[in-house]
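>>> have a look; sequence and predicted model below, questions after that.
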Amino acid sequence: MRYRDELNTFREFCESRRANQLVQITVLLFDEYRANRRQIHAELTVYHESVVVKQFVKWCKQRKLLTDSPLEDYRLDKPKGGPALEQVNLILGTATEPRRTQFVVLAFTGMRSGELQHLQRLDLEAN
């Protein structure tokens with residue numbers, strides 16, 4: 001359920017290329033899919049979508065729906081994410097407290113928002 005949209009998008013792309021069966025998934029088709037997605041999405045989004053597709057194909061192989069995974073050796077390099085300093089400064093320039101402080105912590109520590117939400121005073125005092 002969680003990745004339904006990503007998998008439906010991949011399925012629709014495959015169908016548009018007349019690949020209607022799992023065995024028709026190839027490295028070249030996956031390359032074409034990724035190139036197509038790059039036209040409208042950021043590199044980090046394309047990376048995450050690609051991971052979902054690779055995991056799905058791996059799952060299909062584990063369930064014997066495919067004899068081989070055509071994407072098993074496909075290497076995905078995670079792009080460096082995050083906004084540039086210029087973008088961070090624009091955000092901080094318009095933010096008001098307490099959000100501004102939260103944005104500063106997130107931007108300059110690499111902490112994820114969920115980690116910040118669960119941060120407790122004890123966590124800060126321990127260091």
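That came in fine, so what should we check first? Residues are numbered from 1 along each chain as shown.
>>> quick one: contacts for the most centrally placed residue in the chain?
Centroid-nearest residue in the chain, with Cα atoms, centre = their mean: residue 48, separated by 2.1 Å. With contacts defined as Cβ atoms under 8 Å, 6 or more residues apart in numbering, the neighbours of residue 48 are residue 6. The way it works is simple: take the backbone N, C-alpha and C, and place the C-beta from them, glycine included.
>>> so for it, what's the pLDDT?
Listed pLDDT for residue 48 reads 93.
>>> can you tell me the element it falls in?
Assigned by DSSP states H and E, residue 48 belongs to helix 43-62.
>>> any buried residues in that helix, and which?
Of the residues in helix 43-62, 46-50, 52-54, 56-57, 61 count as buried by neighbour count, 16 or more other Cβ atoms under 10 Å.
>>> which parts of stretch 11-22 are buried?
Applying 16+ other Cβ under 10 Å to stretch 11-22 flags 13-14, 19 as buried.
>>> measure the residue nearest to the centre of the chain to residue 97 for me?
32 Å (Cβ to Cβ, to the nearest Å).
>>> which non-adjacent residue is nearest residue 51?
Nearest non-adjacent residue to residue 51, counting by Cβ to Cβ, 6 or more residues apart in numbering: residue 76, 6.4 Å away.
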